[in-house]
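Undergrad: Let's see this in three dimensions:
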Amino acid sequence: MAQQVLQNAVSFGTQRSQINSNFSELYSVAGTTVTTSGVETLSNKTLTNVESTTFDTTPVNTTRATGKLVWNDTDGTLDLGLKGAVTLQIGQEQVLRVTNKSGTTLVDGEVVYVLGSLGGRLTVDRADANIEATSSHTIGIVTENILNNQEGFITVSGLVRDINTSAFTEGATLYLSTTAGALTTTRPTAPDNAVFLGFVVRSHATLGSIYVNVINGYELSELHDVNITSIQDKQLLRWNNTNSRWENTGNIDAIAIGSTTPSTGVFTTLNTTGALSQLVKGGYSGTGSGSTIVQSTSKSTTVTLSKPSGQITVNGAALAANTTVLFTCTNTVVEANDTIIINRKSGGTDGAYQVWVDSVSSGSFVIAIRNITAGSLSESPVLQFNVIKGSIA
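TA: Next up, the predicted model:
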């Protein structure tokens with residue numbers, strides 16, 4: 001302690017001594033004798049074996065000064081005057097001395113990121129949410145004006161006081177803005193980075209304060225069990241059990257997915273527009289999953305159409321009044337527990353036919369078509385069917 005003014009001092013004995021001043025108590029195992037009145041100035045003296053120090057919790061002289069330590073009853077801690085105009089509330093905040101390399105003066109309340117290091121100090125510049133290199137290294141908020149190429153303090157954690165927060169509501173969450181160095185209450189959305197900065201404690205044009213607690217968000221590739229390399233448009237993320245990690249793989253256009261055998265109930269590829277080119281388990285059929293066929297010979301002739309979706313143009317042979325005819329559709333996509341949806345799509349007389357699936361077995365289903373009119377019909381109705389994959393287990 002280079003210099004200390006002791007007011008109204010009392011006995012400072014060889015075993016235990018007490019000094020009343022801004023220190024209300026100073027206990028020492030060994031010391032010197034201090035008079036019991038007046039002011040005692042210790043210049044270039046060293047106090048050793050100090051057991052404890054009790055500060056006056058109602059000090060008269062609270063004017064801030066560099067190197068001065070005084071009790072702050074409002075915040076319930078000690079204030080330490082740091083270099084410049086910064087006061088540290090001990091135990092309630094963390095500050096860091098840095099060098100401004102932004103090219104201009106950094107203003108109290110601006111958000112900064114680590115640019116590099118110079119002369120034993122980290123160098124900083126204004127952080128920006130829409131630039132990965134600056135947002136991912138966000139470190140804190142400036143707590144005093146710092147001239148370019150000069151040193152000053154930033155707050156890494158704790159309160160930044162006496163700034164303009166009038167644009168914000170008290171208690172609001174703060175994020176890094178897409179305006180360099182600025183704060184916002186609007187959470188940035190991808191591809192901008194959502195860097196959480198803290199909360200508004202007091203809304204005021206000159207006496208505002210914010211609580212700083214910087215939490216940088218993560219890109220997917222920064223997660224510990226994800227490995228993304230040479231990323232491309234429309235790629236998928238797939239688990240690699242051998243490497244125990246998620247990896248980017250294949251363009252979604254024309255990427256193989258599952259089995260190449262449609263009858264297993266999975267689709268094989270996506271075409272260049274991203275549409276399904278084979279059967280999706282569950283019943284959806286996309287582009288490339290259907291076909292058409294024209295029934296030959298008679299209305300009872302078997303047809304073959306091995307797709308999950310399709311149209312059958314029924315033979316135009318005569319169908320008597322109030323008569324039902326059955327025919328089989330051979331379809332390797334179909335399994336025994338599937339459901340077939342069928343309806344008349346077009347062709348023939350409206351309201352003249354009833355159509356249903358009479359039975360389903362592995363590899364085929366039987367279609368029933370009935371003429372429900374009072375007269376014979378020689379028409380070719382077009383039937384539309386879709387296969388819904390099913391299971392009883």
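
Undergrad: Strands of the stretch 51-200 of the chain, start to end?
TA: Per DSSP state E, counting those that start in this stretch, the stretch 51-200 of the chain has strands spanning 69-72, 77-81, 87-89, 94-100, 111-118, 121-126, 138-142, 151-163, 173-176, 183-184, 196-202. These are given in chain order.

Undergrad: what number of residues lie near the closest residue to Gly116 other than its chain neighbours?
TA: Among residues not flanking Gly116 along the chain, Thr123 sits closest, at 4.8 Å (Cβ to Cβ, 6 or more residues apart in numbering). Placement of C-beta: from N, CA and C, glycine included. Thr123 has 17 neighbours, counted by other Cβ atoms under 10 Å.

Undergrad: same thing with Gly375?
TA: Number of residues near Gly375 (other Cβ under 10 Å) recorded here: 10.

Undergrad: Repeat that for Thr189.
TA: Other residues within reach of Thr189 by the criterion other Cβ under 10 Å amount to 9.

Undergrad: what do you get for Thr324?
TA: Using other Cβ under 10 Å, Thr324 has 14 neighbouring residues.

Undergrad: Repeat that for the one 4 residues further on.
TA: Counted with other Cβ under 10 Å, the neighbours of Thr328 add up to 17.

Undergrad: and if you look at Arg202?
TA: That count, for Arg202 with other Cβ under 10 Å as the rule, works out to 16.

Undergrad: that older thread, can you redo the strands of the stretch 51-200 of the chain as a markdown table with mean pLDDT and distance to Val333?
TA: Conversion of the strands of the stretch 51-200 of the chain to a markdown table gives the following (pLDDT from 0 to 100; distance: least, Cβ to Cβ, whole Å):
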| stretch | mean pLDDT | distance to Val333 |
| --- | --- | --- |
| strand 69-72 | 92 | 78 |
| strand 77-81 | 93 | 75 |
| strand 87-89 | 93 | 73 |
| strand 94-100 | 96 | 66 |
| strand 111-118 | 96 | 57 |
| strand 121-126 | 97 | 61 |
| strand 138-142 | 97 | 55 |
| strand 151-163 | 95 | 62 |
| strand 173-176 | 97 | 52 |
| strand 183-184 | 97 | 54 |
| strand 196-202 | 96 | 51 |
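
Undergrad: just the ones you listed: most buried one?
TA: With neighbours defined as mean count of other Cβ atoms under 10 Å, the strands of the stretch 51-200 of the chain peak in mean count at strand 138-142, which reaches a mean of 24.

Undergrad: Walk me through the domains of the protein.
TA: The record's domain parsing of the chain by automatic domain parsing lists 3-55, 93-215, 221-251, 290-388.

Undergrad: In CSV, list those along with distance to Thr63.
TA: As requested, those are arranged in CSV below (distance: least, Cβ to Cβ, whole Å):
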stretch, distance to Thr63
domain 3-55, 11
domain 93-215, 16
domain 221-251, 47
domain 290-388, 82
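
Undergrad: So which of those domains is the most surrounded?
TA: Mean neighbour count (mean count of other Cβ under 10 Å) peaks for domain 93-215 among these, with a mean of 18.

Undergrad: Please give me every residue in contact with the residue nearest to Gly116.
TA: Under the criterion of Cβ atoms under 8 Å, 6 or more residues apart in numbering, the contact partners of Thr123 comprise Val98, Thr99, Asn100, Lys101, Val114, Leu115, Gly116, Ser117.

Undergrad: switch the cut-off to 6 Å
TA: Thr99, Lys101, Leu115, Gly116 (Cβ atoms under 6 Å, 6 or more residues apart in numbering).

Undergrad: circling back: nearest to Gly84, of the domains of the chain?
TA: Of all the domains of the chain, domain 93-215 sits nearest to Gly84, with 5.5 Å by Cβ to Cβ.

Undergrad: Next, the distance between the ends of that closest one.
TA: According to Cα to Cα, to the nearest Å, domain 93-215 extends 16 Å from its N-terminal end residue to its C-terminal end residue.

Undergrad: Dump the strands of the stretch 51-200 of the chain to JSON lines, plus distance to Thr313.
TA: Rendered in JSON lines, the data for the strands of the stretch 51-200 of the chain read as follows (distance: least, Cβ to Cβ, whole Å):
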{"stretch": "strand 69-72", "distance to Thr313": "90"}
{"stretch": "strand 77-81", "distance to Thr313": "88"}
{"stretch": "strand 87-89", "distance to Thr313": "85"}
{"stretch": "strand 94-100", "distance to Thr313": "79"}
{"stretch": "strand 111-118", "distance to Thr313": "69"}
{"stretch": "strand 121-126", "distance to Thr313": "70"}
{"stretch": "strand 138-142", "distance to Thr313": "67"}
{"stretch": "strand 151-163", "distance to Thr313": "75"}
{"stretch": "strand 173-176", "distance to Thr313": "62"}
{"stretch": "strand 183-184", "distance to Thr313": "63"}
{"stretch": "strand 196-202", "distance to Thr313": "63"}
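
Undergrad: which stretch among those comes nearest Lys234?
TA: Of all those, the one in closest proximity to Lys234, counting by Cβ to Cβ, is strand 173-176 (29.4 Å).

Undergrad: what does the closest one contact?
TA: Strand 173-176 is contacted from outside by Val111, Ala127, Ala129, Ser135, Thr138, Leu183, Thr184, Arg187, Ala194, Val195, Leu197, Gly198, using Cβ under 6 Å, 6+ apart.

Undergrad: hang on, the earlier thing: please name the bridge partners of the residue nearest to Gly116.
TA: Judged by DSSP bridges, the bridge partners of Thr123 are Thr99, Gly116.

Undergrad: quick one: it from Ile154, how far?
TA: 12 Å (Cβ to Cβ, to the nearest Å).
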